[in-house]
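> Sequence plus the predicted model coming up.
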Amino acid sequence: MSGYAAQEPAEDSIASLWAQHDLNRLTWAFRAYAHFVESLSPEIRERLAHKDHKAEAYVVVFGKTQVGKTTLLMDLMGVLPSQMARVARVLRGGRPIGKSATATTMEYRRSADQRWGLRINEAAPRWFHDDEAMTLALGQLRTAMELRQLVVLAPCVVYVPLDFFDPHAIQPTVRMLDLPGDKPANPTEQDHVHAMARKYVPLADLILLVGRGDDLSFLQSGGLTLPGIEDWQSAPRRFRIVTTYSFTPQSVRERLRQHDGPADVQQFRQRLIEQIEKSIPLSADARHHRHFFPLEFGQSWLDAQKAQQLLYERVAPMVDALKRQLLEDIHASTTPLARLSAAVDAHVVIARVKEKRLTVMQDLTLALQTQLRKAQDEQAEAKNTTEQARKMCQHLHERLETLTTARLHNDLRSYFQLSGKIAQGDPRESVIGFKILVQQVKSSLIQCVAYSRPDNAGLADTAWFWRGVNACPDTNRVNTILEHAFSSLIATLDEYWVDSYWSTGNGSDYQRDIKSLANCIQDARSSLTVMASQMWLSAAQTKLLEHKQVLRAEQLKQQSWQQLVDDNIQPIYVLEKKLAVQARERQVFEQRMEADLAESRGFMDLLDKKYLEELQQRQRIIQTDDQPVSAFLGLLAVVQLEQVRQQVLLHTESADV
């Protein structure tokens, strides 16, 4: 017995061994959770706080610059209202009001004494006995951050003097990190904001999104741009929406005056939800009342206490109740069991991610389809116009191909003559009559030249061309020909001394002049015919050149439209390829989401599997343990394991309600 007793563990060893069992009581559940998270798609995994139960718990506070994030933290930590302005002035680090004051991720703690303290990275804290020294130190920190002279590896810790706190206030036991405000004016600060969000948001147990109650744009699409925050509705259980200036606006004060009795928390939560939904659709999971906290704090609330005492007395109990509930949520969210609720949230995350991504994909698909239809319509129009231009060019080419100079000469030689009758009236046996008749003949010949054109009836396949030719006779040339043709006859007539002929019989001057007139007409007709033929040939050649120019223009038009057809081939191909890729991506995404949903539905089975593995492992250890006391402790741990399992199941089931 003495030998056995000597081998028994010491009392402190027993306590240590049991503490180890207690520390590992949830290991199996988090192994299941880690396995579950790793099986999910990256876009789902990044929205879950995937860290084990031993990792340090913390909450992050995020929002635009100048909305009161730091003031909210001070209020939740229990800073006295009378000290709030002083604390805020120091924490601004000398920055004027209206400028972002939080230089990097900050953590605020109560100091152990009346000194301010500042710890940067893992260095020892620096302590300051007055506000001015601390203000200067924070200002130097901001300057170093803006100039990229300081690399921050961990949140900077600010220690606030102990006497600034309400001694009766509940002190938060978890780390609460104040992230720099989103969308600062300084681009260097913006880069740092994104880096801090990427580092701390994914592992945060709870995220407080802070904004003004009279400006809810921070929740709209595009209002939140940082990774893990931009779509807070995909994992609403990880977020709390906190608004400042929730009761001081005139409209809210009027609402309070219209209703007697204490202010109703649910009523104002519902009002906040309704205000948000005027511009932001909320999912069923996101719009639960427990996610929304319309609050008042800081200097504006302190001023309301003095200036609007009745308002303050009615609202203060409700605000205090909401703050207490918010603190409870903060504490509850950082328990090891609370982290397992993320697995229960997975199906909500998956549904939200799927809905949003499919909406984006659908919009992109519709945009691509619209572009493709437009490109295809333009292509069809270009092809149709190209074909019409091709037919026109072919038709013109076929017609013009036969219109050679020889063909035009032949048409004029074969089918052109002066048209119309030539006046050959009775000269009335007088010289004056002859002269009048000559003038009439000239006029007739001029008209014949003016109205003559190739005979379309005989031209057959070139009639279309000649119908479009217009020739304008040269009046001077026509008159010259006529003068030349009739000059001898006119000279003869001018030589007569008397107007009447002595005789009109055969061989008389009268008969000779009649014959001379006929010869003159014939000579004039022949000369005018040659002249008119040349005139029409010249006009035809000019017209032919015009047709060739039209043909060239049509050919250029055809080439232009054909080029457009060719140019559209590649863009249409690219759009069709993009649509095909989009369709494949959508199919793969939907399959991935279905696989994630299947994993989500199987989480409880996975918990049971890991529990059985843990149970079997511990049973094997107990069976092979040659130390009765440690074996007994192992047995007690197995009994505790069953109790822990019931707690896990109860917590996950309640989280799903």
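The structure has been received and is ready for your questions.
> Looking at stretch 592-604 now, give me its mean pLDDT.
For stretch 592-604, mean pLDDT is 82.
> Outside of it itself, list whatever touches it.
32, 36, 39-41, 44, 343-344, 346-347, 350, 353-354, 649, 652 (C-beta atoms under 8 Å, 6 or more residues apart in numbering). Using the backbone N, CA and C atoms, a C-beta is placed for each residue, glycine as well.
> now that stretch: how far from the chain's centre is it?
Here stretch 592-604 is found 31 Å from its chain centre; the criterion is C-alpha atoms, centre = their mean, to the nearest Å.
> List the buried residues of it.
By neighbour count on 16 or more other C-beta atoms under 10 Å, the buried set for stretch 592-604 is Arg592, Met593, Asp596, Leu597, Glu599, Ser600, Phe603, Met604.
> what two of the residues you listed have the greatest distance between them?
Farthest pair in these (C-beta to C-beta) is Arg592 and Met604. Separation: 21.5 Å.
> Before we move on, what's the pLDDT of the nearest residue to Arg45 once chain neighbours are set aside?
Once flanking residues are discounted, Arg45 sits nearest to Val37: 5.6 Å by C-beta to C-beta, 6 or more residues apart in numbering. pLDDT, the model's per-residue confidence, is 79 for Val37.
> thinking again about what came up before, any chance of the buried residues of stretch 592-604 in JSON lines, plus secondary structure and distance to Asp191?
JSON lines is the format used below for the buried residues of stretch 592-604 (DSSP: H, G, I helix; E, B strand; the rest coil; distance: C-beta to C-beta, whole Å):
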{"residue": "Arg592", "secondary structure": "helix", "distance to Asp191": "31"}
{"residue": "Met593", "secondary structure": "helix", "distance to Asp191": "32"}
{"residue": "Asp596", "secondary structure": "helix", "distance to Asp191": "32"}
{"residue": "Leu597", "secondary structure": "helix", "distance to Asp191": "36"}
{"residue": "Glu599", "secondary structure": "helix", "distance to Asp191": "35"}
{"residue": "Ser600", "secondary structure": "helix", "distance to Asp191": "35"}
{"residue": "Phe603", "secondary structure": "helix", "distance to Asp191": "37"}
{"residue": "Met604", "secondary structure": "helix", "distance to Asp191": "42"}
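> Which secondary structure element of the protein has the lowest mean pLDDT?
helix 2-7 (a mean of 40; mean pLDDT, DSSP states H and E).
> what residues are up against Ile120?
Contacts of Ile120 by C-beta under 8 Å, 6+ apart are Leu141, Leu150, Val152, Cys156.
> now, which of the residues you listed lie within strands?
Cys156 (DSSP state E).
> circling back: any idea which helix or strand carries the residue nearest to Arg45?
In the assignment (DSSP states H and E), Val37 maps to helix 27-38.
> can you give me how far that helix is from the chain middle?
Counting by C-alpha atoms, centre = their mean, helix 27-38 comes out at 38 Å from the chain centroid.
> go on, stretch 502-521?
101 Å.
> Pull it out as CSV, backbone CA atoms only.
In CSV, the C-alpha atoms belonging to stretch 502-521 read as follows (Å, rounded to 0.1, in the frame of the first residue of the first chain):
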residue,chain,number,x,y,z
TRP,A,502,-39.5,87.3,-163.6
SER,A,503,-40.2,83.7,-164.1
THR,A,504,-41.0,80.6,-161.9
GLY,A,505,-40.6,77.9,-164.5
ASN,A,506,-38.0,75.3,-165.0
GLY,A,507,-34.5,76.8,-165.2
SER,A,508,-35.6,80.1,-163.6
ASP,A,509,-33.8,81.8,-160.8
TYR,A,510,-36.7,80.9,-158.6
GLN,A,511,-36.4,77.2,-159.2
ARG,A,512,-32.6,77.5,-158.8
ASP,A,513,-33.1,79.2,-155.4
ILE,A,514,-35.6,76.5,-154.3
LYS,A,515,-33.0,73.8,-155.1
SER,A,516,-30.3,75.8,-153.4
LEU,A,517,-32.5,76.1,-150.3
ALA,A,518,-32.9,72.3,-150.2
ASN,A,519,-29.2,71.8,-150.5
CYS,A,520,-28.5,74.3,-147.8
ILE,A,521,-31.0,72.5,-145.5
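> circling back: tell me the one among the contacts of stretch 592-604 nearest to Gly505.
For the contacts of stretch 592-604, the nearest to Gly505 is Lys354 (123.4 Å; C-beta to C-beta).
> and the helix or strand harbouring the closest one, what does it pack onto?
Per DSSP H and E, Lys354 falls inside helix 336-401. For helix 336-401, the elements it packs on are helix 27-38, helix 42-45, helix 509-601, helix 603-624, helix 628-655, judged by 3 or more C-beta pairs under 8 Å, 6 or more residues apart in numbering; DSSP states H and E.
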